[in-house]
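Enquirer: Whatever this is, show me its structure:
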Amino acid sequence: MNTSRNRNRWGVTDKALEEALPTLKGKAIGMGAGYKIDKHYPEGQTLDSGKFVSTEKPGAYALGTAKIEDEQTWSMMQASKLGPVSVVIFSFQDTCSKCKADLSALKDPFSEHACLSAKDSSAWIQVESFKFKRVDFVDVPAYPQAGLQEMSSAASKEGYTRALELLAGVYESQEPPSQLKGGLTKTGDKKDLPEENFKNLEEKMANLEQANQKLHSDYEVAKAEANKATEDAKTLKAKFDALEKAKHESLVADTLKARADAGLAGKEEAEKTLLAALSDEALAVLKADALKVASKTQTQTQALLPSVKYEGKAGDSLLAAVNEQRLTAGLPALKELN
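Expert: Numbering: from 1, shown residues only. Okay, the predicted model is just below:
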């Protein structure tokens, strides 16, 4: 079996072929009961001529060595009455070559999937995972090169060993049983699976489920952390806004007082509403200007007031101090204080 598309519009991937090849060992090679080779026959209607004893994969195709134990089969092979072979597989997973959709759940992909059922469609089934069921001698293989590659006679009558190149992997039958159509059989119950393969499949599914659960758990943790971060951000913003509001209100009050002290403020409520609408930067400028005006006004007011200077000297009496001030003011001195 190689990895190209066959006449029945399906093929296997290189990875799938490599993984499935060990399942060929121990599988039967034969034909329909009564040495019929016109099509694949279901279980109970087959003749087993021998079994595969070894396999190898030298490239993008598979080689199998089978031990032929049925003498008539051997005679028919020697007489060139047998040669082409075809395999029957169980597909575990298959996809559409065109749209890459998973077809594993479909019982008959060729009639149920749009890409495959369309008229003159070039789409085909790509088998991603499978196991070998059996190999049959047929009259017309899906690929001309599928069949007997070498015959080696044995010295004893215990059996005969044959090397077969399984390039076809499918037999194009006129009226195949629905279960064996195209040599591709959809997986059924557990009984269709080898115990070892089934365990491996279960283990893979368990690992996938575990990985899926971990991803879901990680997602929930990340979601919770994101929600918490959002709430924390809202709380911090509320606190920041409250601080900014308090700072602005304080600056409004300070500016209003500075303008009132400088005589620049109008009615308090109207002035307060006006200042509240301004930015902190604008309020800072108005406050600084008002403080400058208030400072200059205070300086000018002090300059207009009379200057009274009293310098106390040792031994001066209160009368002498009063007369000194009266003299400075141009008034006559007093003789005594009443």
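Enquirer: Just the buried residues of stretch 77-96, please?
Expert: Neighbour-count burial for stretch 77-96, counted by 16 or more other C-beta atoms under 10 Å, picks out 77, 82-92, 94-96. For every residue, glycine as well, the C-beta is placed using N, CA and C.
Enquirer: Now for the protein, the helix or strand with the poorest mean pLDDT.
Expert: strand 160-165 (a mean of 34; mean pLDDT, DSSP states H and E).
Enquirer: what about the stretch 201-338 of the chain, any weak spots by pLDDT?
Expert: Residue ranges of the stretch 201-338 of the chain with pLDDT under 70: 300-318, 322, 325, 329, 336-338.
Enquirer: go again using 90 as the cut-off
Expert: 201-220, 255-275, 282-338 (pLDDT under 90).
Enquirer: Now do L17: how many residues are near it, please.
Expert: 21 (other C-beta atoms under 10 Å).
Enquirer: secondary structure class for S49?
Expert: Following DSSP: H, G, I helix; E, B strand; the rest coil, the label given to S49 is strand.
Enquirer: Correct me if wrong: it contacts D70.
Expert: Yes: the criterion here is C-beta atoms under 8 Å, and S49 meets it with D70 at 4.2 Å.
Enquirer: Which one's more surrounded, these two?
Expert: When S49 and D70 are compared for neighbours, S49 comes out ahead with 27 against 18, by other C-beta under 10 Å.
Enquirer: gap between the helix ranked longest in the chain and the chain center?
Expert: When the chain is parsed with DSSP state H, its longest helix is helix 195-261. Distance, stretch centre to chain centre, for helix 195-261: 20 Å (C-alpha atoms, centre = their mean, to the nearest Å).
Enquirer: next helix or strand past that helix?
Expert: helix 268-276 (DSSP states H and E).
Enquirer: so which one among the buried residues of stretch 77-96 has the lowest pLDDT?
Expert: When the buried residues of stretch 77-96 are compared by pLDDT, G83 scores lowest at 81.
Enquirer: Let me know the secondary structure of F52.
Expert: strand.
Enquirer: who's in contact with it?
Expert: Listed by C-beta atoms under 8 Å, 6 or more residues apart in numbering, the contact partners of F52 are L24, K25, G26, K27, I29, G64, T65, A66, K67, V135.
Enquirer: switch to 10 Å and redo it
Expert: 23-29, 64-67, 132, 134-135, 162, 164, 166 (C-beta atoms under 10 Å, 6 or more residues apart in numbering).
Enquirer: Check C96 too.
Expert: 102-103, 106, 109, 113-116, 121, 123-126.
Enquirer: Would you mind checking the residues you listed for buried ones?
Expert: L103, L106, P109, H113, C115, L116, A123, W124, I125, Q126.
Enquirer: Which among the contacts of F52 count as buried?
Expert: Buried among these (16+ other C-beta under 10 Å): 23-24, 27-29, 64-67, 132, 134-135, 162, 164, 166.
Enquirer: Max pairwise distance over those residues: which two?
Expert: T23 and R162 (19.1 Å; C-beta to C-beta).
Enquirer: residue ranges of the helices in the stretch 51-200 of the chain, please?
Expert: 71-78, 109-112, 114-117, 195-261 (DSSP state H, counting those that start in this stretch).
Enquirer: Mind splitting this protein into its structural domains?
Expert: The chain breaks down into these domains under automatic domain parsing: 10-189, 255-304.
Enquirer: most packed of these?
Expert: domain 10-189 (a mean of 18; mean count of other C-beta atoms under 10 Å).
Enquirer: circling back: can you check which residues contact both of S49 and D70?
Expert: By C-beta under 10 Å, 6+ apart, S49 and D70 have these common neighbours: I29, G30, M31, Y35, M76, Y160.
Enquirer: which other residues reach whichever strand or helix holds T299?
Expert: Element membership for T299 (DSSP H and E) is helix 280-304. Contact partners of helix 280-304, identified using C-beta under 10 Å, 6+ apart, comprise 244, 247-248, 250-252, 254-265, 275-276, 278-279.
Enquirer: Just want the angle from it to helix 268-276.
Expert: Relative orientation of helix 280-304 and helix 268-276, computed by axes from the mean of the first three to the mean of the last three C-alpha atoms, to 10 degrees: 130 degrees.
Enquirer: Work out the gap between helix 280-304 and the centre of the chain.
Expert: 65 Å.
Enquirer: before we move on, what about stretch 126-140?
Expert: For stretch 126-140, the distance to the chain centre is 36 Å (C-alpha atoms, centre = their mean).
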